[in-house]
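**Student:** My questions are about this predicted structure, shown below with the sequence.
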Amino acid sequence: MWISKKEMMQLSEAIKASIDVCDGKNIERTEQNDFDIRDNREGAFCILKNDIYSLICKKNEQIAQLEAERDVLSKYMADISHQLKTPITSMLIMADLLENGAMDKQEEFLCNIKSSLLKMQWLVGALLKMAKLDAMEISFDKRNVRVSELLKSVLPSVEILLDVKNQSLHIEHDEEICCDKKWTVEAMTNIIKNAIEHSPNGSRLLIDSGNNPLYEWVSVTDCGEGMKKEHYAALFQRFAYSTTENGFGIGMPLALSIMRGQKGDIDVDFGGNGKGATFILKFYKA
């Protein structure tokens, strides 16, 4: 088989360009078609060109994946740095006041420092969980569990909030749900905390469940005034939506990540006109 010098030069240039991209040299990243050296003719040289093209494509896909992982890591680091700045600054101020403050104020300063440390502990834990979920490092152990059992595990994390606002939880239907109990409890805890926050004192939050041919579901309905549609876009964006001074805007995004990790989703009925918002956790059937 005769191979022309032009064909050899084209192949060489394509390989060199691919190597330059891999090495991160200062060249513009071109489209995949610019390296398209495939050849439909017969012969060993054409087979070689097709194999090299496949290798280039696979290599570029790996580079893109590594760059995406690097961007995710960079974003997490920026998020952690931003969110930890406030409690760290607060603790530094309290430490200075504690050193030179009056004795009757030291207990107050120590309580504030402890509160900031607890916030930092929760935030770092939540971010690490989201990082594992995003990296698909979590193996979900899905088994049948009743909603009442899930709620029993949620209560220790929310009972103080319920007592403060004199609220209660009511289960309408206690169905079995096929899910990972540990992670679903984490998601439900964040959903219920959000419902507590948006419900008035003395109210009763409704927990319901059921199933249909497509999915099993658990819903949490608050007793608020419903949700505005313009708030929905930011609701599940990390650090974008928080209506409390101590909130980080990460609980709802974490709940959504958990549900999607289990091949599920969260739907929202906005409510309004005297009806509270309803968050529906959907567990799709195989």
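**Tutor:** Looks like it came in fine.
**Student:** Report pLDDT for residue 265.
**Tutor:** Here the pLDDT value assigned to residue 265 is 93.
**Student:** before we move on, what about residue 73?
**Tutor:** Residue 73 carries a pLDDT score of 67 in this model.
**Student:** Kindly report the same for residue 156.
**Tutor:** Reported pLDDT for residue 156: 91.
**Student:** Equivalent analysis for residue 48, please.
**Tutor:** Residue 48 is given a pLDDT of 81.
**Student:** Could you tell me whether it really is in a helix?
**Tutor:** Yes - assignment of residue 48 by DSSP: H, G, I helix; E, B strand; the rest coil places it within a helix.
**Student:** Report how many residues lie close to it.
**Tutor:** By other C-beta atoms under 10 Å, the residues close to residue 48 number 14. (Each C-beta comes from the backbone N, C-alpha and C, glycine too.)
**Student:** ditto for residue 43
**Tutor:** Using other C-beta under 10 Å, residue 43 is surrounded by 12 other residues.
**Student:** Quick check: it vs residue 13, distance?
**Tutor:** The spacing between residue 43 and residue 13, counted by C-beta to C-beta, to the nearest Å, is 20 Å.
**Student:** likewise residue 102?
**Tutor:** According to C-beta to C-beta, residue 102 stands 77 Å off from residue 13.
**Student:** Pick out whichever of those two has more residues nearby.
**Tutor:** More crowded of residue 102 and residue 13, by other C-beta under 10 Å: residue 13, with 12 against 7.
**Student:** Pull out the buried positions in the helix or strand harbouring residue 12.
**Tutor:** Here residue 12 is covered by helix 5-22, with elements defined by DSSP states H and E. The neighbour-count check on helix 5-22 (16 or more other C-beta atoms under 10 Å) flags 11, 14, 17, 18, 21 as buried.
**Student:** Could you do stretch 36-54 as well?
**Tutor:** 37, 39, 45, 46, 49, 52, 53.
**Student:** Looking at these, which is nearest residue 199?
**Tutor:** Distances from the buried residues of stretch 36-54 to residue 199 were compared by C-beta to C-beta; the smallest belongs to residue 53, at 59.9 Å.
**Student:** which one among the buried residues of helix 5-22 gets closest to residue 209?
**Tutor:** Of all the buried residues of helix 5-22, the one with the least separation from residue 209 (C-beta to C-beta) is residue 21, at 51.7 Å.
**Student:** what's the pLDDT at that closest one?
**Tutor:** Note for residue 21: predicted pLDDT of 62.
**Student:** cool, residue 76 as well?
**Tutor:** Per-residue confidence for residue 76 comes out at a pLDDT of 64.
**Student:** Equivalent analysis for the one 10 residues further on, please.
**Tutor:** We have a pLDDT of 72 for residue 86.
**Student:** Report how many residues lie close to it.
**Tutor:** 13.
**Student:** any idea how far the one helix or strand it maps to is from the chain center?
**Tutor:** Using DSSP H and E, the element containing residue 86 is helix 44-100. Relative to the chain's own centre, helix 44-100 is displaced by 15 Å; criterion: C-alpha atoms, centre = their mean, to the nearest Å.
**Student:** Could you point out the helix or strand that follows it?
**Tutor:** helix 103-134.
**Student:** And for the following helix or strand past that following helix, what's in contact with it?
**Tutor:** Per DSSP H and E, the first helix or strand lying C-terminal to helix 103-134 is strand 142-146. By C-beta atoms under 8 Å, 6 or more residues apart in numbering, the residues outside strand 142-146 that reach it are 174, 175, 176, 177, 178, 179, 180, 181, 184, 262.
**Student:** out of the residues you listed, which one sits closest to residue 286?
**Tutor:** residue 178 (9.0 Å).
**Student:** Please list the residues outside the host helix or strand of the closest one that contact it.
**Tutor:** Taking DSSP H and E as the criterion, the element that holds residue 178 is strand 176-180. Counting contacts by C-beta under 8 Å, 6+ apart, the residues outside strand 176-180 that touch it are 140-147, 150, 184, 209, 216-218, 262, 264, 283, 285.
**Student:** Only whichever of those residues are buried, select them in PyMOL.
**Tutor:** In PyMOL, selecting the buried portion of the contacts of strand 176-180, with burial taken from 16+ other C-beta under 10 Å, looks like this:
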select buried, resi 142+145+147+150+184+209+216+217+218+262+264+283
